[in-house]
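1. sequence and predicted structure, then a few things I'm wondering about:
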Amino acid sequence: MINGLVRTLLVACWLSASHIALSADEPGCLDCHEDEAGSVVHNVYKTLHGNLDGGGASACTACHGTSAAHDRRGRREAPDISFGPKWLSPLEDRNGACQSCHDNGSQLLWAGSEHEQENMACTDCHDSHQLRDPALDELSAQNQCTNCHTQVKAQLHLPSRHPIAEGKTACTDCHNPHGSASDAALHQVTLNENCYSCHQEKRGPMLWEHEPVTEDCALCHKPHGSVHPGLLTARGPALCQQCHSAAFHPSVAYGAEGLPAGSSNRNLLGQNCMNCHSQVHGSNHPSGARLTR
């Protein structure tokens with residue numbers, strides 16, 4: 001009986017030793033990357049990425065590869081896929097690691113998108129180790145966009161603008177930074193459809209339609225900001241007279257300096273066509289042929 005007990009103990013010790021030996025060959029990320037104060041590495045375990053493949057070291061290898069040459073045995077070679085700052089893998093490898101999971105939904109059209117053609121990396125905007133990805137926070141995401149799109153940043157502070165700076169709307173409300181099938185990475189197929197997603201009252205169809213409205217909102221409006229009211233590209237009547245002749249109508253075209261030229265009608269001078277033609281986006285009124293009601 002004693003011999004049997006000894007054999008059982010010896011087998012148990014052998015199995016335990018074998019398990020330890022096998023464990024020594026597994027990735028030991030947490031042996032070196034300790035959870036110290038200020039450590040950014042361990043923040044990933046507070047996110048969804050930290051639970052990939054069951055969490056632990058497996059979560060690391062899900063993005064960084066098995067990294068056999070970057071283990072705990074004294075060698076300090078780069079991981080198979082490194083996002084910096086010490087080592088930096090080729091752009092295709094870094095983005096490929098992300099796209100191995102993020103290849104559908106809003107990321108579906110990344111290949112060939114404007115940002116992809118500019119050789120941007122996913123990590124230029126995203127940080128998977130942070131509890132709150134900066135690209136998913138509206139305020140920090142806006143700063144990321146305007147750091148590159150400086151002209152738009154200036155337009156967002158003009159007198160007439162979309163309330164992006166105030167945090168009431170966001171760049172991603174209109175644009176998909178991962179790419180789209182339309183110009184300017186818009187969510188919808190056309191600019192008008194993009195505008196209608198918020199301004200449904202302008203969609204129509206109307207009994208009396210204004211052709212520029214149905215053609216392209218940008219013919220009259222600047223989407224990011226303008227010095228003119230209503231995001232207009234110019235003030236009326238100058239804006240209207242780009243298409244509508246002043247002949248046979250009580251108005252005159254503006255001169256080169258932006259001031260009325262020649263004699264003018266007192267009803268139009270310094271005022272606006274929309275004082276009378278108020279329904280410029282279209283009208284359903286039986287007497288609204290001139291978009292006056």
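-> Nice, thanks for sending it over. Numbering: from 1, shown residues only.

2. contacts and neighbour counts: CA atoms only from here.
-> Fine.

3. ok, which stretches of the stretch 151-293 of the chain are helices?
-> Along the stretch 151-293 of the chain, counting by DSSP state H, counting those that start in this stretch, helices occupy 191-196, 211-215.

4. okay, these in JSON lines with mean pLDDT, distance to A184 and mean neighbour count next?
-> Compiled in JSON lines, the helices of the stretch 151-293 of the chain are given as follows (pLDDT from 0 to 100; distance: least, CA to CA, whole Å; neighbours: other CA atoms under 10 Å):
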{"stretch": "helix 191-196", "mean pLDDT": "94", "distance to A184": "9", "mean neighbour count": "17"}
{"stretch": "helix 211-215", "mean pLDDT": "92", "distance to A184": "17", "mean neighbour count": "14"}
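
5. can I get those in JSON lines including distance to H162?
-> Shown next, in JSON lines, are the helices of the stretch 151-293 of the chain (distance: least, CA to CA, whole Å):
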{"stretch": "helix 191-196", "distance to H162": "12"}
{"stretch": "helix 211-215", "distance to H162": "19"}
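
6. select, out of the ones you listed, the one closest to E138.
-> Closest of the helices of the stretch 151-293 of the chain to E138 is helix 191-196, at 19.2 Å (criterion: CA to CA).

7. so what touches the closest one?
-> C174, L186, H187, Q188, K202, R203, T214, E215, D216, C217, A218 (CA atoms under 8 Å, 6 or more residues apart in numbering).

8. swap in stretch 97-111?
-> Counting by CA under 8 Å, 6+ apart, C63, H64, I81, E116, C122, N176, H178, G179, S180, A181 sit against stretch 97-111.

9. want to try TSV for the residues you listed, with neighbour count as columns?
-> Shown next, in TSV, are the contacts of stretch 97-111 (neighbours: other CA atoms under 10 Å):
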residue	neighbour count
C63	20
H64	18
I81	22
E116	17
C122	20
N176	19
H178	19
G179	23
S180	23
A181	13
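
10. now the two most distant members of those residues.
-> Largest separation among those by CA to CA: H64 and A181, giving 31.3 Å.

11. can you pull out the helices in the stretch 1-150 of the chain?
-> Under the criterion DSSP H, counting those that start in this stretch, helices of the stretch 1-150 of the chain are mapped to 2-25, 29-32, 57-64, 91-99, 114-117, 138-148, 150-155.

12. least confident of the ones you listed, on average?
-> If you rank the helices of the stretch 1-150 of the chain by mean pLDDT, helix 2-25 sits at the bottom with a mean of 42.

13. quick revisit: out of the helices of the stretch 151-293 of the chain, flag the one nearest A135.
-> helix 191-196 (21.6 Å).

14. burial count for E77?
-> Applying other CA atoms under 10 Å, we find 12 residues neighbouring E77.

15. in strands, which of the contacts of stretch 97-111 fall?
-> Applying DSSP state E to the contacts of stretch 97-111, no entry is found in strands.

16. which pLDDT value belongs to the nearest residue to P159 once chain neighbours are set aside?
-> Using CA to CA, 6 or more residues apart in numbering and skipping the chain neighbours, the partner closest in space to P159 is V227 (5.6 Å). Per-residue confidence for V227 comes out at a pLDDT of 95.

17. any weak-confidence spans in the stretch 151-293 of the chain?
-> 246-271 (pLDDT under 70).

18. let me see the ranges of the strands in the stretch 151-293 of the chain.
-> For the stretch 151-293 of the chain, the strands defined by DSSP state E, counting those that start in this stretch occupy 160-161, 225-226.

19. looking at those, which is buried most?
-> Highest mean neighbour count among the strands of the stretch 151-293 of the chain (mean count of other CA atoms under 10 Å): strand 225-226, with a mean of 22.

20. who touches that strand?
-> Strand 225-226 has contacts (CA under 8 Å, 6+ apart) with Q155, L156, H157, L158, P159, S160, R161, H162, L231, L232, T233.

21. now rank those residues by neighbours and give me the top one.
-> Among these, the one with the most neighbours (other CA under 10 Å) is H162, at 23 neighbours.

22. what sits against the nearest residue to that residue once chain neighbours are set aside?
-> Closest residue to H162 apart from its sequence neighbours, by CA to CA, 6+ apart: H224 at 6.2 Å. Taking CA under 8 Å, 6+ apart, we find H224 in contact with V152, Q155, L156, R161, H162, L231.

23. against L186, how distant is H224?
-> With distances taken as CA to CA, to the nearest Å, H224 is found 13 Å from L186.
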